[in-house]
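Peer 1: Test case, fold it:
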Amino acid sequence: MLRRSPDLIIVCLAALNGVLAQVVALPVELRWVFGAPLLLLWPGYALAAALFPRWRLGWVERAIFSLGLSLMAGSLGAVILNWSPSGLTAAAWTALAGGVTLAASLAAHWRRGLFCCGRRKILGCPQG
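Peer 2: Predicted coordinates for the structure are as follows:
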């Protein structure tokens, strides 16, 4: 089960580090170091993995997709957070970025399980 998604586990753990860095009273520099990837990298990577479960992209394309989808999620999230009662606070941004990353990672893990041997999973397809 975990063999098909080690990258998503790393992304979820890195996003969790970013969320914890924002919640725990750390120096501002460390909050920036952990918070910037939380907003600009991890949500996009997880969304790209969910949208393209069988991708064979290089690291340049993967980085571009990650940045672009993170900016898209942040832009749409800004509109949603602006309308919410909590507003555009640091806690709301942290929850949004962490929630999008976790939800997209779970969706990507599930979608990767739908494919086996390069095609849609069928009844007799071997696991692993």
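Peer 1: Please enumerate the strands of this protein.
Peer 2: With DSSP state E, the ranges of strands along the chain come out as 115-116, 119-120.
Peer 1: Lowest average pLDDT across those?
Peer 2: Sorting those by mean pLDDT places strand 119-120 lowest, at a mean of 56.
Peer 1: Phi and psi next, for R54.
Peer 2: Main-chain torsions, R54, degrees, to the nearest 10: phi -110, psi 30.
Peer 1: Repeat that for the one 3 residues further on.
Peer 2: Taking degrees, to the nearest 10, you get phi -100, psi 150 for the backbone angles of L57.
Peer 1: My guess is it contacts I64. True?
Peer 2: No - counting by Cβ atoms under 8 Å, L57 stays clear of I64, with 9.1 Å between them. C-betas here are computed from N, CA, C, even on glycine.
Peer 1: For S5, see how far away V23 is.
Peer 2: Applying Cβ to Cβ, to the nearest Å, the value for V23 to S5 is 26 Å.
Peer 1: Over to L47?
Peer 2: 15 Å.
Peer 1: who's more crowded, those two?
Peer 2: For L47 versus S5, neighbours defined as other Cβ atoms under 10 Å are more numerous around L47 (24 against 20).
Peer 1: do you know how far that one is from G99?
Peer 2: Taking Cβ to Cβ, one finds L47 at 12 Å from G99.
Peer 1: ditto for S86
Peer 2: Distance from S86 to G99, by Cβ to Cβ: 13 Å.
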